[in-house]
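Novice: No sequence on hand, only this structure:
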C-alpha cells in the first residue's frame with residue numbers, strides 16, 4: 001500500500017492534522033506523519049506536542065500516494081519555508097500525484113504557483129495567498145490533483161475527501177458510519 005505523508009511544522013493546527021489521520025486510518029489507508037523541524041516532537045499552534053512518525057530527512061517519498069499539509073500559523077508558512085518540501089511537492093505535482101492542504105496551508109501550493117485556475121478553499125483571510133486559484137466556499141474541495149479544506153471545522157470533511165480520492169465513496173460511507181457522522 002502506498003503511504004500518504006502528512007507534514008508537521010512548528011505551529012501546525014492540531015485538528016487539521018489529527019482528524020485526517022484518524023479518517024484515513026479508519027479507512028485502512030497508510031498515513032504517516034513527517035516532521036520538517038529536524039525533531040521528532042513538533043509543537044502545534046496551541047502548544048500541543050505531537051511525536052511524528054519520521055523525520056523528513058529519513059523518509060522515502062518515492063512511492064507516496066499523496067502529500068498532505070495541515071494548516072495553522074505559523075505552521076503553514078513554516079511548511080512553505082522548508083525548501084526540501086517545496087522540491088518534493090514540485091516532483092509530486094509534475095508526476096500528476098495528488099496534493100492536499102487545509103486552512104492556511106493551501107498557501108504552500110498557492111505561493112508555488114500550482115493553484116492557478118484550480119478550484120480551492122482556504123481559511124477566511126488567506127485568499128490572497130492562493131495566487132490564481134478559483135476560491136470557493138466548500139468545506140473540502142477536490143479539483144484535479146488538489147484537495148483543499150476550509151479550516152479546523154472542516155477537518156473531518158477534508159479527511160473524507162482524501163479517503164474518497166484514494167479509496168472511493170464506499171470507503172467514506174463506511175468510515176462515516178463508524179464515526180457516527182453526522183451525529
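Specialist: Good, I have the coordinates. The shown structure was predicted, so the numbers you read here are calculated from the model rather than taken from an experiment. Residues are numbered from 1 along each chain as shown.
Novice: Could you give the number of residues near the residue nearest to residue 13 when sequence neighbours are not counted?
Specialist: Sequence neighbours aside, residue 72 is the residue nearest to residue 13 in space, at 3.1 Å (criterion: CB to CB, 6 or more residues apart in numbering). (Glycine included, C-beta is placed from N, CA and C.) Using other CB atoms under 10 Å, the number of residues around residue 72 comes to 30.
Novice: Lowest-scoring secondary structure element of this structure by mean pLDDT?
Specialist: strand 134-135 (a mean of 94; mean pLDDT, DSSP states H and E).
Novice: how much space between the residue nearest to residue 126 when sequence neighbours are not counted and residue 78?
Specialist: Excluding the flanking residues, the one nearest residue 126 by CB to CB, 6+ apart is residue 104, at 4.9 Å. According to CB to CB, to the nearest Å, residue 104 and residue 78 sit 11 Å apart.
Novice: who's more crowded, those two?
Specialist: Between residue 104 and residue 78, residue 104 has the larger neighbour count (other CB under 10 Å), namely 28 against 21.
Novice: re the thing from before, the residue nearest to residue 13 in helix, strand or coil?
Specialist: Using DSSP: H, G, I helix; E, B strand; the rest coil, the structure places residue 72 in coil.
Novice: Show the pLDDT at the residue of the chain positioned farthest from its centre.
Specialist: No residue in the chain sits farther from the centre than residue 183, which is 24.4 Å out by CA atoms, centre = their mean. pLDDT, residue 183: 81.
Novice: Let me see the backbone angles for residue 61.
Specialist: phi -100, psi 10 (degrees, to the nearest 10).
Novice: distance of the closest residue to it other than its chain neighbours from residue 56?
Specialist: Leaving aside its chain neighbours, residue 61 sits nearest to residue 88 (5.7 Å; criterion: CB to CB, 6+ apart). Note on residue 88: its distance to residue 56, by CB to CB, is 8 Å.
Novice: cool, residue 86 as well?
Specialist: Distance of residue 86 to residue 56, computed by CB to CB: 12 Å.
Novice: Looking at the two, which is more packed in?
Specialist: The neighbour comparison of residue 86 against residue 56 (other CB under 10 Å) goes to residue 56, with 20 against 16.
Novice: my guess is that one contacts residue 83, does it?
Specialist: No. Counting by CB atoms under 8 Å, residue 56 stays clear of residue 83, with 10.9 Å between them.
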